[in-house]
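[1] Fold the following.
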Amino acid sequence: MNFFNLCRFTLLLISSHLASSNNALKNIDRIECPLPGEDPAPLNPGSIVLEVSNAGYLCMLFCLTTPSSGKETISSISRSYDGNDWETTAGGNNISWLCSDSSVEIIGSVRKCSTDTPQLASNQVFQLVGFYHSLNEKQTVSRFLTQATFGPTLNEINSLSSNNFANWIRQQIAEDATSHRQYYRERVNKREFDIEAIGRPKHPCEESSRWRDYAFTEDDRKRDLSVEVSDRLPSGQNRLSVDGYVRTDVDAGTISPGKYKLCKVIEHQGGVVKIKVNGKCEKLAGGNPPVRLVAHTEVTLPTVLQLPAGISFTKVHNIFGSSSKAYLLQDPLTEMMCDNISFIEDESVFIQTEHGHWLLYDARLVLQGNTIDNPLLDGGGDITLIGSNCANVRQTFLNSESCKLSTTVSACEPEKNCRSI
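    Residues are numbered from 1 along each chain as shown. You can find the predicted model right below:
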(Lines give C-alpha, C1' and ligand atoms only; values in the text may rest on other atoms or scores of the structure.)
Protein backbone atom coordinates (compact mmCIF):
# COMPACT_ATOMS: atom_id res chain seq x y z
CA MET A 1 0.00 0.00 0.00
CA ASN A 2 1.25 3.49 -0.83
CA PHE A 3 2.69 5.28 2.23
CA PHE A 4 0.62 8.44 1.70
CA ASN A 5 -2.57 6.39 1.34
CA LEU A 6 -1.67 4.69 4.59
CA CYS A 7 -1.30 8.08 6.29
CA ARG A 8 -4.58 9.57 5.06
CA PHE A 9 -6.89 10.60 7.89
CA THR A 10 -10.43 9.37 7.34
CA LEU A 11 -13.35 11.54 8.43
CA LEU A 12 -16.55 9.59 9.13
CA LEU A 13 -19.77 11.63 9.03
CA ILE A 14 -22.67 10.16 10.96
CA SER A 15 -26.01 10.48 9.11
CA SER A 16 -28.07 8.63 11.71
CA HIS A 17 -27.91 8.01 15.47
CA LEU A 18 -26.08 5.09 17.11
CA ALA A 19 -28.04 1.90 17.44
CA SER A 20 -28.96 1.41 21.09
CA SER A 21 -28.17 -2.29 21.13
CA ASN A 22 -24.50 -2.32 20.12
CA ASN A 23 -23.53 1.36 19.52
CA ALA A 24 -22.81 0.51 15.88
CA LEU A 25 -22.61 3.44 13.46
CA LYS A 26 -25.20 3.50 10.65
CA ASN A 27 -25.06 5.06 7.17
CA ILE A 28 -21.54 6.49 7.43
CA ASP A 29 -19.99 8.65 4.66
CA ARG A 30 -16.19 8.80 4.45
CA ILE A 31 -14.32 12.06 3.79
CA GLU A 32 -10.54 11.91 3.77
CA CYS A 33 -8.51 14.62 5.48
CA PRO A 34 -6.55 16.31 2.66
CA LEU A 35 -2.87 15.59 2.38
CA PRO A 36 -0.53 18.53 3.01
CA GLY A 37 -0.77 20.91 0.06
CA GLU A 38 -4.19 19.73 -1.09
CA ASP A 39 -7.29 21.93 -0.99
CA PRO A 40 -9.23 22.02 2.30
CA ALA A 41 -12.16 19.58 2.55
CA PRO A 42 -15.48 21.21 3.55
CA LEU A 43 -17.82 19.28 5.83
CA ASN A 44 -21.28 19.77 7.23
CA PRO A 45 -22.01 20.39 10.93
CA GLY A 46 -23.43 17.55 12.99
CA SER A 47 -22.14 14.30 14.50
CA ILE A 48 -18.74 13.29 13.16
CA VAL A 49 -16.10 10.61 13.74
CA LEU A 50 -12.47 11.33 12.89
CA GLU A 51 -9.44 9.07 12.80
CA VAL A 52 -6.49 10.32 14.81
CA SER A 53 -3.50 11.45 12.75
CA ASN A 54 -0.39 9.40 12.09
CA ALA A 55 3.05 10.31 13.38
CA GLY A 56 4.52 13.29 11.54
CA TYR A 57 1.14 14.65 10.49
CA LEU A 58 -1.27 17.26 11.76
CA CYS A 59 -4.97 17.39 10.91
CA MET A 60 -6.82 20.62 11.74
CA LEU A 61 -10.53 21.40 11.87
CA PHE A 62 -11.21 25.06 11.06
CA CYS A 63 -14.26 27.32 10.87
CA LEU A 64 -14.12 29.69 7.88
CA THR A 65 -16.25 32.86 8.09
CA THR A 66 -16.87 34.89 4.92
CA PRO A 67 -18.33 38.32 5.75
CA SER A 68 -20.40 40.35 3.29
CA SER A 69 -17.49 42.78 3.13
CA GLY A 70 -13.93 42.58 4.35
CA LYS A 71 -11.49 39.71 4.76
CA GLU A 72 -12.30 36.11 5.58
CA THR A 73 -11.48 34.92 9.10
CA ILE A 74 -10.36 31.44 10.11
CA SER A 75 -10.83 30.01 13.61
CA SER A 76 -9.05 26.89 14.80
CA ILE A 77 -11.61 24.42 16.21
CA SER A 78 -9.79 21.13 16.89
CA ARG A 79 -6.66 19.19 16.03
CA SER A 80 -4.99 15.78 16.05
CA TYR A 81 -1.22 15.48 15.65
CA ASP A 82 1.48 12.80 15.89
CA GLY A 83 -1.10 10.08 16.55
CA ASN A 84 -2.64 11.91 19.53
CA ASP A 85 -6.39 12.02 20.16
CA TRP A 86 -8.46 14.84 18.75
CA GLU A 87 -8.57 17.81 21.10
CA THR A 88 -10.30 21.18 21.23
CA THR A 89 -8.27 24.27 20.35
CA ALA A 90 -8.82 27.94 21.19
CA GLY A 91 -11.81 28.50 18.89
CA GLY A 92 -13.67 25.28 19.74
CA ASN A 93 -15.25 26.21 23.06
CA ASN A 94 -18.52 24.43 22.24
CA ILE A 95 -16.93 21.15 21.12
CA SER A 96 -15.92 18.16 23.26
CA TRP A 97 -14.39 14.93 22.00
CA LEU A 98 -14.95 11.33 23.08
CA CYS A 99 -12.01 9.10 22.29
CA SER A 100 -12.58 6.00 24.46
CA ASP A 101 -12.98 2.68 22.64
CA SER A 102 -16.62 2.44 23.75
CA SER A 103 -17.55 5.81 22.26
CA VAL A 104 -16.50 5.14 18.66
CA GLU A 105 -16.58 2.38 16.09
CA ILE A 106 -13.24 0.65 15.65
CA ILE A 107 -12.37 -0.35 12.07
CA GLY A 108 -9.20 -2.40 12.06
CA SER A 109 -6.79 -1.02 14.63
CA VAL A 110 -7.27 2.69 13.83
CA ARG A 111 -8.33 4.80 16.79
CA LYS A 112 -11.09 7.36 16.26
CA CYS A 113 -12.77 10.21 18.17
CA SER A 114 -16.33 11.49 17.94
CA THR A 115 -17.99 14.85 18.56
CA ASP A 116 -21.09 16.89 17.74
CA THR A 117 -20.24 20.12 15.93
CA PRO A 118 -22.63 23.06 16.37
CA GLN A 119 -24.80 24.59 13.64
CA LEU A 120 -23.16 27.43 11.74
CA ALA A 121 -24.31 30.74 10.31
CA SER A 122 -25.04 30.92 6.59
CA ASN A 123 -21.66 32.55 5.91
CA GLN A 124 -19.64 29.92 7.81
CA VAL A 125 -18.28 26.48 6.91
CA PHE A 126 -16.16 23.79 8.57
CA GLN A 127 -12.95 22.80 6.75
CA LEU A 128 -10.52 19.96 7.34
CA VAL A 129 -6.86 20.64 6.45
CA GLY A 130 -3.79 18.39 6.57
CA PHE A 131 -0.22 19.43 7.37
CA TYR A 132 3.16 17.84 7.84
CA HIS A 133 4.12 18.09 11.51
CA SER A 134 7.60 17.63 12.91
CA LEU A 135 9.91 19.31 15.44
CA ASN A 136 13.68 19.38 15.35
CA GLU A 137 15.72 18.88 18.51
CA LYS A 138 15.88 22.56 19.49
CA GLN A 139 12.14 23.03 18.90
CA THR A 140 11.36 19.97 21.03
CA VAL A 141 13.46 21.28 23.91
CA SER A 142 12.01 24.77 23.54
CA ARG A 143 8.45 23.46 23.72
CA PHE A 144 9.23 21.37 26.80
CA LEU A 145 10.86 24.25 28.67
CA THR A 146 8.05 26.62 27.68
CA GLN A 147 5.56 24.21 29.22
CA ALA A 148 7.67 23.43 32.30
CA THR A 149 8.95 26.92 33.19
CA PHE A 150 7.94 30.57 33.03
CA GLY A 151 9.99 30.87 29.83
CA PRO A 152 13.43 29.53 28.85
CA THR A 153 16.51 31.44 27.74
CA LEU A 154 18.44 30.49 24.62
CA ASN A 155 21.29 29.15 26.75
CA GLU A 156 18.88 26.86 28.63
CA ILE A 157 17.50 25.54 25.34
CA ASN A 158 20.96 24.88 23.92
CA SER A 159 22.18 23.11 27.07
CA LEU A 160 19.32 20.59 27.35
CA SER A 161 18.75 17.41 25.35
CA SER A 162 15.33 15.96 24.60
CA ASN A 163 16.64 12.63 25.93
CA ASN A 164 17.30 14.19 29.34
CA PHE A 165 13.91 15.65 30.28
CA ALA A 166 13.41 13.24 33.20
CA ASN A 167 16.78 14.09 34.74
CA TRP A 168 16.07 17.81 34.30
CA ILE A 169 12.81 17.44 36.23
CA ARG A 170 14.59 15.55 39.03
CA GLN A 171 17.22 18.31 39.24
CA GLN A 172 14.54 20.98 39.51
CA ILE A 173 12.83 19.10 42.34
CA ALA A 174 16.14 18.78 44.21
CA GLU A 175 16.88 22.53 44.08
CA ASP A 176 15.94 24.85 46.93
CA ALA A 177 12.55 26.47 46.49
CA THR A 178 12.38 30.16 45.60
CA SER A 179 9.64 32.57 46.64
CA HIS A 180 7.58 34.40 44.04
CA ARG A 181 6.26 36.59 46.85
CA GLN A 182 9.76 37.62 47.88
CA TYR A 183 10.78 38.28 44.27
CA TYR A 184 7.71 40.48 43.76
CA ARG A 185 8.09 42.41 46.99
CA GLU A 186 11.73 43.24 46.21
CA ARG A 187 10.78 44.73 42.84
CA VAL A 188 7.30 46.19 43.26
CA ASN A 189 7.25 49.83 42.18
CA LYS A 190 3.67 51.02 42.49
CA ARG A 191 3.05 54.77 42.44
CA GLU A 192 1.47 55.60 45.81
CA PHE A 193 0.75 58.77 47.78
CA ASP A 194 -1.55 57.20 50.38
CA ILE A 195 -1.05 54.88 53.33
CA GLU A 196 -1.87 51.29 52.39
CA ALA A 197 -2.71 48.34 54.62
CA ILE A 198 0.58 46.78 53.48
CA GLY A 199 2.89 49.77 53.44
CA ARG A 200 3.50 53.49 52.95
CA PRO A 201 4.88 55.84 50.32
CA LYS A 202 8.64 56.43 50.38
CA HIS A 203 9.53 59.81 51.88
CA PRO A 204 11.05 62.32 49.41
CA CYS A 205 14.18 62.63 51.56
CA GLU A 206 14.80 58.87 51.81
CA GLU A 207 17.55 57.17 49.89
CA SER A 208 16.29 55.80 46.54
CA SER A 209 13.25 58.07 46.51
CA ARG A 210 12.07 58.44 42.93
CA TRP A 211 11.84 61.67 40.94
CA ARG A 212 10.79 62.60 37.41
CA ASP A 213 11.36 65.44 34.95
CA TYR A 214 7.89 65.47 33.30
CA ALA A 215 4.74 67.04 34.74
CA PHE A 216 1.91 64.54 34.23
CA THR A 217 1.51 60.78 34.87
CA GLU A 218 -0.94 58.07 33.83
CA ASP A 219 -2.59 58.43 37.25
CA ASP A 220 -3.61 61.99 36.33
CA ARG A 221 -6.15 60.85 33.77
CA LYS A 222 -9.65 62.14 34.61
CA ARG A 223 -8.20 64.55 37.19
CA ASP A 224 -8.70 68.33 37.11
CA LEU A 225 -6.07 70.51 35.46
CA SER A 226 -5.90 74.19 36.41
CA VAL A 227 -4.00 76.76 34.35
CA GLU A 228 -3.48 79.98 36.31
CA VAL A 229 -1.94 83.38 35.75
CA SER A 230 -0.34 84.91 38.85
CA ASP A 231 1.25 88.25 39.54
CA ARG A 232 3.97 86.29 41.35
CA LEU A 233 5.02 84.74 38.03
CA PRO A 234 7.05 86.52 35.35
CA SER A 235 5.06 87.91 32.44
CA GLY A 236 4.13 85.31 29.85
CA GLN A 237 4.17 82.36 32.29
CA ASN A 238 1.28 80.17 33.47
CA ARG A 239 1.27 77.72 36.38
CA LEU A 240 -0.22 74.21 35.91
CA SER A 241 -1.75 72.34 38.86
CA VAL A 242 -3.52 68.98 39.13
CA ASP A 243 -6.22 68.80 41.80
CA GLY A 244 -4.55 71.78 43.49
CA TYR A 245 -1.00 70.34 43.40
CA VAL A 246 1.53 72.43 41.46
CA ARG A 247 3.17 70.53 38.60
CA THR A 248 5.07 73.00 36.43
CA ASP A 249 5.26 76.45 34.83
CA VAL A 250 4.79 76.84 31.06
CA ASP A 251 4.87 79.61 28.49
CA ALA A 252 1.51 81.37 28.26
CA GLY A 253 1.10 80.36 24.61
CA THR A 254 1.10 76.65 25.52
CA ILE A 255 -2.42 76.62 26.98
CA SER A 256 -4.99 79.25 27.87
CA PRO A 257 -5.85 79.89 31.54
CA GLY A 258 -8.84 77.90 32.74
CA LYS A 259 -10.09 74.58 34.09
CA TYR A 260 -9.65 71.37 32.11
CA LYS A 261 -9.90 67.60 32.51
CA LEU A 262 -6.94 65.39 31.61
CA CYS A 263 -7.91 62.67 29.10
CA LYS A 264 -4.65 60.95 28.17
CA VAL A 265 -1.04 61.01 29.37
CA ILE A 266 2.14 59.44 27.97
CA GLU A 267 4.84 59.52 30.63
CA HIS A 268 7.84 61.31 29.20
CA GLN A 269 8.76 64.85 28.18
CA GLY A 270 6.89 65.67 24.99
CA GLY A 271 4.68 62.58 25.33
CA VAL A 272 1.10 62.93 24.12
CA VAL A 273 -1.19 64.69 26.59
CA LYS A 274 -4.86 65.28 25.82
CA ILE A 275 -7.14 67.64 27.72
CA LYS A 276 -10.89 68.05 27.45
CA VAL A 277 -11.83 71.32 25.71
CA ASN A 278 -15.53 72.04 25.16
CA GLY A 279 -16.36 68.38 25.75
CA LYS A 280 -13.74 67.06 23.31
CA CYS A 281 -10.26 65.74 24.09
CA GLU A 282 -7.60 67.78 22.31
CA LYS A 283 -3.79 67.43 22.24
CA LEU A 284 -1.83 69.77 24.48
CA ALA A 285 0.68 71.77 22.46
CA GLY A 286 4.18 70.48 23.11
CA GLY A 287 2.95 67.35 24.86
CA ASN A 288 3.89 66.43 28.44
CA PRO A 289 5.77 69.55 29.68
CA PRO A 290 9.07 69.38 31.57
CA VAL A 291 9.12 70.14 35.28
CA ARG A 292 10.09 73.80 35.61
CA LEU A 293 9.53 76.54 38.17
CA VAL A 294 10.24 80.13 37.18
CA ALA A 295 9.38 81.48 40.65
CA HIS A 296 9.40 79.55 43.91
CA THR A 297 8.78 81.39 47.14
CA GLU A 298 7.10 80.09 50.27
CA VAL A 299 3.96 81.94 49.19
CA THR A 300 3.66 80.37 45.76
CA LEU A 301 4.96 76.82 46.23
CA PRO A 302 4.52 74.23 49.02
CA THR A 303 7.93 72.55 49.12
CA VAL A 304 11.25 73.01 47.33
CA LEU A 305 14.29 71.01 48.43
CA GLN A 306 17.84 72.06 47.71
CA LEU A 307 20.26 69.34 46.65
CA PRO A 308 23.37 69.51 48.85
CA ALA A 309 26.82 69.30 47.31
CA GLY A 310 27.96 65.73 46.85
CA ILE A 311 24.42 64.32 46.63
CA SER A 312 23.34 63.17 43.18
CA PHE A 313 20.75 61.11 41.33
CA THR A 314 20.98 57.86 39.44
CA LYS A 315 19.11 57.82 36.14
CA VAL A 316 17.03 54.66 35.70
CA HIS A 317 15.73 53.00 32.56
CA ASN A 318 12.09 53.65 31.74
CA ILE A 319 10.08 51.51 29.33
CA PHE A 320 8.11 54.45 27.92
CA GLY A 321 10.86 55.52 25.54
CA SER A 322 14.25 57.16 25.29
CA SER A 323 12.78 60.59 26.15
CA SER A 324 11.48 59.36 29.49
CA LYS A 325 13.74 59.98 32.46
CA ALA A 326 13.38 58.79 36.06
CA TYR A 327 15.87 59.49 38.84
CA LEU A 328 16.69 57.81 42.15
CA LEU A 329 18.21 59.80 45.02
CA GLN A 330 21.55 58.17 45.84
CA ASP A 331 21.80 59.34 49.47
CA PRO A 332 19.26 60.49 52.06
CA LEU A 333 18.67 64.21 52.57
CA THR A 334 19.03 65.65 56.06
CA GLU A 335 18.05 69.29 55.58
CA MET A 336 15.50 70.82 57.99
CA MET A 337 12.89 71.14 55.24
CA CYS A 338 12.53 67.34 55.23
CA ASP A 339 10.87 67.41 58.66
CA ASN A 340 8.16 69.74 57.36
CA ILE A 341 7.10 67.57 54.43
CA SER A 342 3.76 65.81 54.84
CA PHE A 343 4.29 62.07 55.16
CA ILE A 344 1.44 61.44 52.71
CA GLU A 345 -0.61 63.25 50.10
CA ASP A 346 2.02 65.86 49.21
CA GLU A 347 2.29 65.74 45.43
CA SER A 348 4.14 69.05 45.05
CA VAL A 349 7.66 68.38 46.31
CA PHE A 350 10.33 69.75 43.96
CA ILE A 351 14.09 69.65 43.94
CA GLN A 352 16.64 71.51 41.85
CA THR A 353 19.89 69.85 40.83
CA GLU A 354 23.27 71.55 40.85
CA HIS A 355 22.91 72.03 37.10
CA GLY A 356 19.63 73.90 37.51
CA HIS A 357 17.34 71.07 36.37
CA TRP A 358 14.01 70.69 38.11
CA LEU A 359 12.62 67.35 39.29
CA LEU A 360 9.26 66.42 40.83
CA TYR A 361 8.85 63.82 43.59
CA ASP A 362 7.20 60.61 42.32
CA ALA A 363 6.07 58.62 45.38
CA ARG A 364 6.39 54.84 45.27
CA LEU A 365 5.06 52.20 47.67
CA VAL A 366 7.39 50.83 50.34
CA LEU A 367 6.18 47.41 51.50
CA GLN A 368 6.64 46.51 55.15
CA GLY A 369 8.97 43.51 55.21
CA ASN A 370 7.90 40.79 57.65
CA THR A 371 9.57 37.43 57.10
CA ILE A 372 10.63 34.58 59.38
CA ASP A 373 14.30 35.51 58.98
CA ASN A 374 13.71 39.25 59.28
CA PRO A 375 10.47 39.91 61.18
CA LEU A 376 8.92 43.35 61.55
CA LEU A 377 9.73 43.82 65.24
CA ASP A 378 6.83 46.12 66.05
CA GLY A 379 4.43 44.46 63.61
CA GLY A 380 4.13 47.74 61.73
CA GLY A 381 3.04 49.62 64.83
CA ASP A 382 4.76 52.85 63.78
CA ILE A 383 2.52 53.22 60.74
CA THR A 384 -0.73 51.79 62.15
CA LEU A 385 -1.22 55.19 63.75
CA ILE A 386 -1.65 56.71 60.29
CA GLY A 387 -3.83 54.08 58.67
CA SER A 388 -1.85 50.93 57.94
CA ASN A 389 -2.73 47.51 59.31
CA CYS A 390 -0.97 45.66 62.10
CA ALA A 391 1.11 42.75 60.81
CA ASN A 392 1.17 40.92 64.13
CA VAL A 393 -0.97 37.80 64.58
CA ARG A 394 -1.72 35.57 67.52
CA GLN A 395 0.44 32.54 68.18
CA THR A 396 -1.07 29.34 66.79
CA PHE A 397 0.05 25.78 66.09
CA LEU A 398 0.83 26.93 62.54
CA ASN A 399 3.40 29.56 63.55
CA SER A 400 4.53 28.44 67.01
CA GLU A 401 7.92 27.19 65.73
CA SER A 402 8.83 30.44 63.96
CA CYS A 403 6.89 33.29 65.59
CA LYS A 404 8.73 36.05 67.44
CA LEU A 405 7.37 38.32 70.15
CA SER A 406 7.08 42.05 69.45
CA THR A 407 8.61 43.87 72.40
CA THR A 408 9.25 47.38 71.05
CA VAL A 409 7.37 50.39 72.42
CA SER A 410 5.51 50.90 69.13
CA ALA A 411 4.41 47.25 68.82
CA CYS A 412 0.79 46.89 67.74
CA GLU A 413 -1.75 44.35 68.97
CA PRO A 414 -3.46 41.85 66.62
CA GLU A 415 -6.90 42.73 68.02
CA LYS A 416 -6.67 46.27 66.64
CA ASN A 417 -6.45 45.42 62.96
CA CYS A 418 -4.89 42.05 62.24
CA ARG A 419 -3.44 41.26 58.87
CA SER A 420 -0.54 39.03 57.91
CA ILE A 421 1.85 40.75 55.52
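[2] Neighbours of V242, how many?
    20 (other CB atoms under 10 Å). All C-beta spots, glycine's among them, are computed from the backbone N, C-alpha and C.
[3] hang on, I meant N158
    As a burial measure, N158 scores 11 neighbours (other CB under 10 Å).
[4] Which of the three states applies to it?
    Under DSSP: H, G, I helix; E, B strand; the rest coil, N158 falls in the helix class.
[5] Let me know the secondary structure of the closest residue to it other than its chain neighbours.
    The shortest distance from N158 to any residue other than its chain neighbours is 7.5 Å, reached at K138 (CB to CB, 6 or more residues apart in numbering). On the three-state scheme (three-state DSSP), K138 is labelled helix.
[6] quick one: pLDDT of K138?
    If you check K138, the pLDDT there is 94.
[7] from what I can see it touches E156, true?
    No: at 11.4 Å, K138 does not count as touching E156 under the criterion of CB atoms under 8 Å.
[8] element containing Q147?
    In this assignment (DSSP states H and E), Q147 forms part of helix 137-148.
[9] And the closest residue to L376 other than its chain neighbours, how far from L377?
    Leaving aside its chain neighbours, L376 sits nearest to N370 (4.0 Å; criterion: CB to CB, 6+ apart). Going from N370 to L377 by CB to CB, to the nearest Å gives 9 Å.
[10] follow-up on the earlier one: quick one: list the elements packing against the helix holding Q147.
    Applying 3 or more CB pairs under 8 Å, 6 or more residues apart in numbering; DSSP states H and E, one finds that helix 137-148 contacts helix 154-159, helix 165-174.
[11] what's the angle from it to helix 165-174?
    With axes from the mean of the first three to the mean of the last three CA atoms, to 10 degrees applied, the angle from helix 137-148 to helix 165-174 works out at 30 degrees.
[12] can you count the residues close to N155?
    8.
[13] Quick one: low-confidence residue ranges for this protein.
    Flagging of the chain using pLDDT under 70 yields the residue ranges 1-31, 100-109, 193-198, 296-302, 318-324, 342-346, 372, 380-389, 414-421.
[14] Can you pull the phi/psi pair for the spatially closest residue to G258 that is not a sequence neighbour?
    Nearest residue to G258 in three dimensions, chain neighbours excluded: V227, at 5.7 Å (CB to CB, 6+ apart). Per-residue torsions, V227: phi -120, psi 120 (degrees, to the nearest 10).
[15] so how far is C63 from G92?
    For G92 relative to C63 (CB to CB), the value is 8 Å.
[16] Between these two, which contacts overlap?
    I77 (CB atoms under 8 Å, 6 or more residues apart in numbering).
[17] three-state assignment of K261?
    With three-state DSSP as the basis, K261 sits in strand.
[18] Return the residues in contact with the nearest residue to it once chain neighbours are set aside.
    In space, and not counting its chain neighbours, K261 is closest to K276: 4.1 Å by CB to CB, 6+ apart. For K276, the contacting residues are Y260, K261, L262, C263, E282, by CB under 8 Å, 6+ apart.
[19] Quick check: phi and psi at K276.
    phi -80, psi 120.
[20] With V277 instead?
    phi -120, psi 120.
[21] mind listing what it touches?
    V277 makes contact with Y260, according to CB under 8 Å, 6+ apart.
[22] got a list of what G286 touches?
    Taking CB under 8 Å, 6+ apart, one finds V250, T254, G270 in contact with G286.
[23] swap the cut-off to 10 Å and go again
    V250, D251, G253, T254, I255, Q269, G270, V273 (CB atoms under 10 Å, 6 or more residues apart in numbering).
[24] Relative to N167, how far out is the fourth one?
    What that stands for is T254. 65 Å.
[25] What segments of the chain are helices?
    Assigned by DSSP state H, the chain shows helices spanning 3-6, 137-148, 154-159, 165-174, 180-187, 381-384, 414-417.
[26] mind checking which of those is nearest T396?
    Between T396 and the helices of the chain, the shortest separation by CB to CB is 10.9 Å, and it involves helix 414-417.
[27] what's the closest residue to G92 other than its chain neighbours in contact with, if anything?
    Distances taken as CB to CB, 6+ apart put I77 closest to G92, at 4.0 Å, once the chain neighbours are dropped. Taking CB under 10 Å, 6+ apart, we find I77 in contact with 60-63, 88-95, 115, 117-118, 126-128.
[28] Show the buried residues in the residues you listed.
    For the contacts of I77, a burial check counting by 16 or more other CB atoms under 10 Å picks out 60-63, 88, 91-92, 95, 115, 117, 126-128.
[29] K315: which of those is nearest?
    Closest to K315 out of these is G91 (46.4 Å), distances taken as CB to CB.
[30] I'd guessed the closest one sits against P118; true?
    No: using CB atoms under 10 Å as the test, G91 is too far from P118 to be in contact (11.7 Å).
[31] tell me, what's touching those two both at once?
    Common neighbours of G91 and P118 (criterion: CB under 10 Å, 6+ apart): C63, I77.
[32] follow-up on the earlier one: and the residue nearest to K261, how far is that from L50?
    57 Å.
[33] Ok, P332 next?
    Relative to L50, P332 is positioned 69 Å away (CB to CB).
[34] And these two? Which one has more around it.
    L50 (27 against 13).
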